[in-house]
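J.: only geometry, no sequence info:
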């Protein structure tokens with residue numbers, strides 16, 4: 001599931017595969033960038049911001065003007081540094097292969113972009129919001145986000161302040177709002193609230209320790225950096241990685257009550273009605 005830690009891991013994969021390399025070719029399979037050719041461009045770095053991926057590139061000196069299909073830029077912002085922005089949402093992924101290696105794992109019709117370098121081939125599957133913009137204008141796409149749980153800008157006090165600014169919103173919805181804190185997805189929302197004993201329907205104003213909830217979210221995401229199996233229980237064994245997420249009708253690991261599943265906002269929520277009593 002592409003939550004903040006998955007996107008962070010993906011950015012590291014692209015960093016290892018492409019950073020410092022000069023691209024030998026590109027193939028964009030989306031209409032807005034179909035004519036774009038990044039051959040000769042240098043990949044400076046790969047970074048994540050919440051659930052957004054930012055692949056930063058430098059155009060070769062001979063490049064004249066913005067690349068074909070690039071987003072319109074302010075005259076003072078358009079230089080040689082550009083960013084390829086993508087969002088994974090629920091089903092997007094990047095994979096890195098060695099030159100000549102078979103691209104396994106996903107069907108070819110889901111490919112949206114291929115970037116080739118002398119040492120690696122990066123393939124983006126089912127990517128969303130794919131855009132090429134001046135690096136100086138990255139904030140136009142990610143500036144609305146709250147503090148990044150896995151980023152250098154992480155600020156728990158600011159995250160708490162943003163959450164508290166919407167006291168009547170349910171805590172389940174507030175944690176998923178990337179404008180409050182960037183990186184929490186449905187899995188971590190459910191698991192954090194279970195571990196804190198908070199019903200997802202509790203209004204933010206009624207959460208007894210908002211700072212403690214934010215701190216736990218940070219610890220859980222940080223613990224899963226560098227691995228693809230997301231675990232909140234400490235176990236990496238199949239079927240033992242979560243407390244409530246994905247466990248509808250199964251016994252709660254604490255009290256034995258059947259875990260419930262219900263819609264909250266536009267997302268499914270898992271919780272234990274006994275361990276997470278409602279506070280309205």
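T.: Structure's in. What do you need? The shown structure was predicted, so the numbers you read here are calculated from the model rather than taken from an experiment.

J.: what secondary structure does residue 9 sit in?
T.: helix (DSSP: H, G, I helix; E, B strand; the rest coil).

J.: Flag the shaky bits of the stretch 51-200 of the chain, pLDDT-wise.
T.: 64-65, 68-69, 71-78 (pLDDT under 70).

J.: same thing but at 80, please
T.: Counting by pLDDT under 80, the stretch 51-200 of the chain has low-confidence residues at 62-79, 105.

J.: so how far is residue 151 from the residue nearest to the spatial centre of the chain?
T.: Nearest to the geometric centre of the chain sits residue 51, at 2.2 Å (C-alpha atoms, centre = their mean). From residue 51 across to residue 151, the span is 12 Å (C-beta to C-beta, to the nearest Å). Where you see a C-beta, it was placed from the backbone N, CA and C, and this is true even at glycine.

J.: got any residues that touch both of the two?
T.: Common neighbours of residue 51 and residue 151, using C-beta atoms under 8 Å, 6 or more residues apart in numbering, are residue 182.

J.: Now do the buried residues in stretch 26-45.
T.: Of all the residues in stretch 26-45, those buried under the rule 16 or more other C-beta atoms under 10 Å are 26, 27, 28, 29, 33, 36, 37, 38, 41, 42, 43, 44.

J.: all helices for this protein, in order.
T.: Remark: helices assigned in the chain by DSSP state H are 4-18, 139-142, 156-164, 171-176, 186-196, 210-223.

J.: For residue 61, which of those is the nearest?
T.: Closest to residue 61 of the helices of the chain is helix 4-18 (C-beta to C-beta; 20.0 Å).

J.: Which residues outside the closest one are in contact with it?
T.: In contact with helix 4-18 (C-beta under 8 Å, 6+ apart) are residues 2, 43, 45-48, 50-55, 88, 93-96, 115, 117, 119-120, 122, 148-150, 182-185, 188, 221-222, 224-228, 230.

J.: Go through that helix and flag the buried ones.
T.: Buried, per 16+ other C-beta under 10 Å, within helix 4-18: 4-15, 17-18.

J.: Likewise for stretch 213-231?
T.: Going by neighbour count (16+ other C-beta under 10 Å), the buried part of stretch 213-231 is 213, 214, 216, 217, 218, 220, 221, 224, 230, 231.

J.: And the residues you listed, which is closest to residue 161?
T.: residue 214 (10.2 Å).

J.: quick one: the closest residue to residue 51 other than its chain neighbours and residue 13, what's the gap?
T.: When the adjacent residues along the chain are set aside, residue 51 lies closest to residue 7, with 5.2 Å between them (C-beta to C-beta, 6 or more residues apart in numbering). From residue 7 across to residue 13, the span is 11 Å (C-beta to C-beta).

J.: Likewise for residue 144?
T.: Here the criterion is C-beta to C-beta. By it, residue 144 lies 26 Å from residue 13.

J.: what domains does the record give for the chain?
T.: Here the domain parsing of the chain from automatic domain parsing is 4-142, 156-271.

J.: Indicate which one of the ones you listed is closest to residue 277.
T.: Using C-beta to C-beta, the nearest of the domains of the chain to residue 277 is domain 156-271, at 6.1 Å.
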